[in-house]
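[1] from the sequence below, what's the structure:
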Amino acid sequence: MAPLITREEALALGELEDRAAIEALIERAWQARVERFEDATDMCSLVNAKSGGCAQDCGFCAQSRFAEAETPLHAMMEPEQILEHARAAEAAGAHRFCMVTQGQGLSKRDFQKVLEGTRLVAQHTNLKRCASIGHMSPARAQALKEAGVQRVHHNVETAESYYPEVTQTVRYEGRLRTIDAVREAGLETCVGGILNLGETRAQRVEMAFELAALDPTSVPINLLNPRPGTKFGDREYMDPWEAVKWIAIFRLILPDALFRLCGGRVENIGELQQLAVRAGINGVMMGNFLTTLGNTPDEDRAMFENLGLNVARQPDNGANPRPDNRSGWLEGDTPSPSDDDVGEFAGLDVRLWDPSTQLRFARKRGPIPPRPEIAPDIASARG
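    Model prediction:
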């Protein structure tokens, strides 16, 4: 994808402080988004299918064994449990569903549960299927595709120059190899990162252009939600206007990617979330995140509908992995949003993934190991 601005222009825009200038930038990003995606949206919901006890040292994550933090903890869900959460996501109005697990690779047994869960979701819902399961080989990526996964998520997290500050146990090169394996299998790629980890503004521009070179289908944008006991747990929230500004800059650098606003948006952006959508967002991670709570589905849909965007689903069972409701991608006209869009789900008690009630939190016992200083090469994918 060709960026709409140069690196030098992006660096200059990153220094903007004046609200009027930022608002003008947002309007520029909005036009770029509308020109490419019209009124379409791409709403996702996730389930934390395996949580806690991660052996890696990512500085933002409470699940890491190197973090002195309360840890959400449960073993790999059974396929039927995954399906239960997918049905709730569909009832809430999601277009796609992502199965997420901790760590940088799954055992053969847990991987088979992801495959079977995917088959059940494909058989019993009209959701598009995504997976986020750490490093993988081309063979595993192919197996995911054959089971019905259409898009695989694997973040780079931050700029390559800042990456060693984020983790010493997960190699940047390993992330790129997984992304290559996903693409080799013919799957869509979902690659993004987290803002406000301590990177400079120049490094945010660096990350955006690195993402542009990877040319992912989807770019999730996360904003650090500092978790006590993690390396970055004492950082302040990002200024809301600063966050929205960077969403607009990323949109101009990656004009053809689907942008999804994910973790930390409630805490960092708050009442400016709708403005963030106008800055170039295609969709959000609806409901809750891996270990924290988000907006209600009604609140999420309203942010888009208030801007004249379409949040309606179409019953194509994931046949078209791009946005569900964009004119031209599916036969017929884009349906208009309506109050009774949930249709057959009317009256259903929707119980989305809820970390506050569906996870068991356990404080780590014994001494917390020091964060490693030299990263071993664990980047090779498991077969």
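[2] now do the same contact list for Ala257.
    Met1, Leu211, Asp215, Pro216, Thr217, Ser218, Val219 (Cβ atoms under 8 Å, 6 or more residues apart in numbering). C-beta: built from backbone N, CA, C; applies to glycine.
[3] nearest to Gln142, of those?
    Thr217 (17.7 Å; Cβ to Cβ).
[4] what bridges to the residue nearest to the closest one when sequence neighbours are not counted?
    Among residues not flanking Thr217 along the chain, Glu188 sits closest, at 4.0 Å (Cβ to Cβ, 6 or more residues apart in numbering). Beta-bridge pairing for Glu188 (DSSP bridges): Arg151.
[5] quick one, what contacts Glu188?
    By Cβ under 8 Å, 6+ apart, the contact set of Glu188 is Gln150, Arg151, Val152, Val182, Pro216, Thr217, Ser218, Pro321.
[6] distance of the fifth one from Cys190?
    Taking Cβ to Cβ, to the nearest Å as the criterion, Pro216 is separated from Cys190 by 6 Å.
[7] and the nearest residue to Asn306 once chain neighbours are set aside, what element?
    Among residues not flanking Asn306 along the chain, Gln274 sits closest, at 6.2 Å (Cβ to Cβ, 6+ apart). Secondary structure from DSSP states H and E places Gln274 in helix 273-278.
[8] all strands of the stretch 151-300 of the chain, in order?
    151-153, 188-190, 193-195, 218-223, 258-261, 283-284 (DSSP state E, counting those that start in this stretch).
[9] deepest-packed of these, please.
    strand 283-284 (a mean of 28; mean count of other Cβ atoms under 10 Å).
[10] that one: partners in the sheet, and parallel or antiparallel?
    strand 258-261 (parallel).
[11] contacting residues around the strand it pairs with?
    So strand 258-261 is in contact with 33, 37, 42, 44, 190, 192, 217-221, 247, 250-251, 269, 273, 276-277, 280-285, 322-323, going by Cβ under 8 Å, 6+ apart.
[12] quick one: average pLDDT of it?
    Across strand 258-261, pLDDT averages out at 94.
[13] now stretch 166-182
    If you average the pLDDT over stretch 166-182, you get 94.
[14] for the remainder of this discussion, apply numbering that starts at 752.
    Let's use 752 as the start, then, which means that last one is stretch 917-933.
[15] buried set for it?
    The neighbour-count check on stretch 917-933 (16 or more other Cβ atoms under 10 Å) flags 917-923, 925-930, 932-933 as buried.
[16] now list the buried members of the contacts of Ala1008.
    Here, 16+ other Cβ under 10 Å leaves Leu962, Pro967, Thr968, Ser969, Val970 buried among those.
[17] just curious, which of those is nearest to Glu1056?
    Among the buried ones among the contacts of Ala1008, Ser969 lies closest to Glu1056 (Cβ to Cβ), at 21.5 Å.
[18] you'd agree that closest one is up against Cys941?
    Yes. Here Ser969 reaches Cys941: they are 4.0 Å apart, a contact under Cβ atoms under 8 Å.
[19] what is in contact with these two at once?
    Looking at what touches both Ser969 and Cys941 (by Cβ under 8 Å, 6+ apart), the common residues are Arg902, His904, Arg1011.
[20] could I get the contacting residues of the first one?
    Okay, so that is Arg902. With Cβ under 8 Å, 6+ apart, Arg902 has these contacts: Arg847, Lys879, Arg880, Cys881, Ala882, Leu938, Glu939, Thr940, Cys941, Thr968, Ser969, Pro1072.
[21] show me what the fifth one bridges to in the sheet.
    Just to be clear, that refers to Ala882. Beta-bridge partners of Ala882, counted by DSSP bridges, are Met850, Val903.
[22] JSON lines please, covering the strands of the stretch 902-1051 of the chain and showing distance to Leu824.
    Converted to JSON lines, the strands of the stretch 902-1051 of the chain look like this (distance: least, Cβ to Cβ, whole Å):
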{"stretch": "strand 902-904", "distance to Leu824": "22"}
{"stretch": "strand 939-941", "distance to Leu824": "26"}
{"stretch": "strand 944-946", "distance to Leu824": "22"}
{"stretch": "strand 969-974", "distance to Leu824": "22"}
{"stretch": "strand 1009-1012", "distance to Leu824": "26"}
{"stretch": "strand 1034-1035", "distance to Leu824": "26"}
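[23] so for His825, which of the ones you listed sits nearest?
    Taking the strands of the stretch 902-1051 of the chain one by one with Cβ to Cβ, strand 902-904 is closest: 20.1 Å.
[24] tell me, what residue is most central in the protein?
    Pro971 (4.1 Å; Cα atoms, centre = their mean).
[25] quick one: contacts for the closest residue to that one other than its chain neighbours?
    Setting aside the residues directly before and after it, Pro971 is nearest to Gly943 in space (Cβ to Cβ, 6+ apart), at 3.9 Å. Neighbour list for Gly943: Asn906, Val907, Leu962, Pro967, Ser969, Val970, Pro971, Ile972, Asn973, Arg1011, Cys1013 [criterion: Cβ under 8 Å, 6+ apart].
[26] same thing with Val900?
    Contact analysis of Val900 by Cβ under 8 Å, 6+ apart lists Thr869, Arg880, Cys881, Ala882, Leu938.
[27] contacts only, for Cys881.
    Applying Cβ under 8 Å, 6+ apart, we find Cys881 in contact with Cys795, Arg847, Phe848, Cys849, Met850, Val900, Gln901, Arg902, Val903, His904, Cys941.
[28] just the pLDDT at it, thanks.
    pLDDT for Cys881: 96.
[29] quick one: it and Cys805, what's the gap?
    Per Cβ to Cβ, Cys881 is found 20 Å from Cys805.
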